[in-house]
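Enquirer: With the sequence up front, the predicted model follows.
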Amino acid sequence: MINDIEKILVSEEEIDSIVRRIAALIDRDYSVPGSKLVLLCILKGSVVFMGDLMKRIKVPVEIDFMRVSSYGGSTVSGGRVNIVMDIFRKDLDKCDILIIEDIIDSGRTLSYLVDYLRLKGAKSVRTCTLLDKPSRRQVDFSADYVGKIIPDEFVVGYGLDYDERYRALPYVGVLKPEVYGKN
């Protein structure tokens, strides 16, 4: 698998620095009394990032999960967001939801989820992403917390996959085009 990586884009050390920086910002922003912070992990890719992030956050947090799909096995977003596993909480109106995502590409998924959770009655909804590709944006969307802006390259590792592979890499690397059929 390591031979499939063209180059390391975000090292383990840089990821750790990003996680610490974002955790400090979240602590600052959610230290308000009465805040009920729920980290909402978007499965599967975000689980590694959320796991590391929640260990660094000092304010009390709860966690929950949603699974959505918009890729359908391709390397490009299909444009349609499907909720595969929804969040069900009786106390959603008391929750400050912070959606944790691994990467923002078109922006459609997070834009949709923010609106969806607001309509479901969440007290507040914000977004956090490890990686952001603004050059690929197809909707007007910006995350509240961004780890790193990256170029338009196909990346894997640290939870990000191609065909369910490469998630366990401890860094984010650029996948060689010949691996995913782009020559």
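Expert: Good, I have the coordinates.
Enquirer: quick one: the helices in this structure?
Expert: Along the chain, counting by DSSP state H, helices occupy 12-29, 47-56, 108-120.
Enquirer: Give me the local confidence score for the nearest residue to Pro134 once chain neighbours are set aside.
Expert: Taking CB to CB, 6 or more residues apart in numbering as the measure, Pro134 lies nearest to Ile149, with 6.3 Å between them; neighbours along the chain are not counted. The C-beta positions use only the backbone N, C-alpha and C, and glycine is treated the same way. You'll see Ile149 listed with a pLDDT of 97.
Enquirer: likewise Gly78?
Expert: The predicted local confidence for Gly78 comes out at a pLDDT of 54.
Enquirer: now Met50
Expert: Note on Met50: pLDDT of 98.
Enquirer: Any figure for the gap between it and Leu43?
Expert: Applying CB to CB, to the nearest Å, the value for Met50 to Leu43 is 10 Å.
Enquirer: which residues does Met85 bridge with?
Expert: The partner list for Met85 in beta bridges (DSSP bridges) reads Arg67.
Enquirer: Could you pull up the contacting residues of it?
Expert: Residues touching Met85, when contacts are defined by CB atoms under 8 Å, 6 or more residues apart in numbering, comprise 43, 65-67.
Enquirer: Can you read off the pLDDT for it?
Expert: On the pLDDT scale, Met85 is placed at 95.
Enquirer: what do you get for Asp64?
Expert: 97.
Enquirer: which residues touch it?
Expert: Remark: with contacts taken as CB under 8 Å, 6+ apart, Asp64 is in contact with 38-41, 87, 89.
Enquirer: so which two of the residues you listed are the farthest from each other?
Expert: Maximum pairwise distance among the contacts of Asp64 (CB to CB): 14.0 Å, between Cys41 and Arg89.
Enquirer: where's the residue nearest the centre of the chain relative to Val155, distance?
Expert: In the chain, the residue lying closest to the centroid (CA atoms, centre = their mean) is Glu101, at 1.1 Å. Counting by CB to CB, the gap between Glu101 and Val155 amounts to 14 Å.
Enquirer: re the thing from before, so for Met50 and Leu43, which sits in the more crowded spot?
Expert: Met50 (26 against 15; other CB atoms under 10 Å).
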